[in-house]
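Enquirer: Using only what follows, build the 3D model:
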Amino acid sequence: MSSETWVIHFSADHAREGNPHSRHHITRALAERYRIAWINPYGFRRPSLWRGGLIRKAIRKFSHWAEGTRVSQDGWVIANPVQLPIFTRSRWQPVNDRLLGMQLRRLCRRHGIRRAILLFTTPRYASAVRLLRPWPAVFYFSDAYSKHRELSAAEQVAMRAAEDELIRVSKRVLCCSTPLYREMIARAEDPSKVALFPHQVDYERFRAARERSSPPADVRAIPRPIIGYYGTLTDSNDWETARYAVERRPNYSFVFIGKKEIAHTGLEDRPNVHFLGFRPFETIPDYGAAFDVAIMFWVRREWIRNCSPLKLREYLALGRPVVSTFIEDVAENFGDIVPVAHSPEEFLAALDARVADPNPAAIQKGIARVREDSWRRILPYFESLTDAGLS
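Expert: Numbers count the residues shown, from 1 in each chain. Here you go, the predicted structure:
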């Protein structure tokens, strides 16, 4: 394999964002075989004064543009293309395409990129598949992009059209969840190029934390049992279900770890609730290993109906009993080891059952389910494109 084969990743996440998404894990696996150019996103939806944080977001965006292109400590080329804030079908879209094309050509000249595979984890950059023709493309479908509730109807139409273009021209379409896989099979002209690529887990990292059994200092004094969750906290979390459990089980400690992007959950003043804030990813396995029961709780919207929670596999690798609100992919693929609740009452009953009996047999089954996981499983999908004669 030529060391000068690149993967140009048009990402839905910034390369240096807090705790990594599957897109980061996949790119790190690809970096073992390919050189990486990471194209930071320019936005998901039209800015709005009503959503709040507009000035902060604008400042951050201008700082990214001012940064231009840099090389990370890992040797990745990180680019921040300048784009007009166009998120619907518009007569100005060709201007954005020309801007993007000029910046991508400059990037390729500057860094000697002559052979590349294009990886798309956002449809926003779909035009790049035309601008960098004939390099092959892989579309990693990790979210129901065009079904996001915060997109306007016009933005959803534009996003759907971008998805369709990438589904049509990509050599591989990889889906992280069973619902997304079924949808892509139905939408693709050539279903044979669609594959289910479930989230993976860095098993050894989480196994080590399980065996280390060394809780961080800020959880050691918290009374048990600890009902724990880590991840960004937003209005997509099912706080109604959480409040139902918190109010009825004052003897349980509920620990939430992650950046809080919702002002008020209704739990801030509860003595048995602990918001610990953001913690670096390197420390997350030790926090998770301290949970007596790990939970997943989201409002069942379109976005969640199509998701496959990455943290589930991490929880299982930690050997934690898990309780979840209803998620299609979890119910279908892990329902034999993870109780999925349709109501707050069911959720609390499942919590009580796991606190009383963690179910060691189910825990061992969960560990076995993820023991062979590896993000390196992404590599064959890219190697087949190279072996087919990348030019």
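Enquirer: pretty sure residue 178 contacts residue 334?
Expert: No - applying Cβ atoms under 8 Å as the test, residue 178 and residue 334 come out as separate, 10.9 Å apart. For every residue, glycine as well, the C-beta is placed using N, CA and C.
Enquirer: Of the two, which one has the most company?
Expert: residue 334 (23 against 18; other Cβ atoms under 10 Å).
Enquirer: lowest average confidence, helix or strand, in the chain?
Expert: helix 54-67 (a mean of 53; mean pLDDT, DSSP states H and E).
Enquirer: Pairing partners for the next helix or strand after it, with directions?
Expert: Using DSSP states H and E, the helix or strand that follows helix 54-67 towards the C-terminus is strand 70-71. Paired strands of strand 70-71, with direction, are strand 77-79 (antiparallel) (DSSP bridges).
Enquirer: right, and the helix or strand after the strand it pairs with?
Expert: Heading C-terminal from strand 77-79 (DSSP H and E), you reach helix 93-111.
Enquirer: and that next one, how far out from the chain's middle?
Expert: Distance of helix 93-111 from its chain centroid, counting by Cα atoms, centre = their mean, to the nearest Å, is 27 Å.
Enquirer: go on, stretch 173-185?
Expert: 15 Å.
Enquirer: I'd like the mean pLDDT over that stretch, please.
Expert: Stretch 173-185 carries an average pLDDT of 97.
Enquirer: Kindly report the same for stretch 137-146.
Expert: pLDDT averaged over stretch 137-146 gives 93.
Enquirer: try stretch 220-233
Expert: 97.
Enquirer: Show me the contact partners of that stretch.
Expert: 219, 245, 251-262, 265, 272, 274-275, 279, 284, 287-288, 290-297, 311, 351, 355 (Cβ atoms under 8 Å, 6 or more residues apart in numbering).
Enquirer: Spell out for me the PyMOL command that would select the buried members of those.
Expert: Command for PyMOL that selects the buried part of those, burial taken from 16 or more other Cβ atoms under 10 Å:
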select buried, resi 219+245+252+253+254+255+256+257+258+260+265+272+274+279+284+287+288+290+291+292+293+294+295+296+297+311+351+355
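Enquirer: Among the contacts of stretch 220-233, which ones are in strands?
Expert: Using DSSP state E, 253, 254, 255, 256, 257, 274, 275, 293, 294, 295, 296 are the members of the contacts of stretch 220-233 that sit in strands.
Enquirer: now the residues you listed as JSON lines including distance to residue 68 and pLDDT?
Expert: Shown next, in JSON lines, are the ones in strands among the contacts of stretch 220-233 (distance: Cβ to Cβ, whole Å; pLDDT from 0 to 100):
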{"residue": "253", "distance to residue 68": "47", "pLDDT": "98"}
{"residue": "254", "distance to residue 68": "44", "pLDDT": "98"}
{"residue": "255", "distance to residue 68": "41", "pLDDT": "98"}
{"residue": "256", "distance to residue 68": "37", "pLDDT": "98"}
{"residue": "257", "distance to residue 68": "34", "pLDDT": "98"}
{"residue": "274", "distance to residue 68": "41", "pLDDT": "98"}
{"residue": "275", "distance to residue 68": "37", "pLDDT": "98"}
{"residue": "293", "distance to residue 68": "47", "pLDDT": "98"}
{"residue": "294", "distance to residue 68": "41", "pLDDT": "98"}
{"residue": "295", "distance to residue 68": "42", "pLDDT": "98"}
{"residue": "296", "distance to residue 68": "39", "pLDDT": "98"}
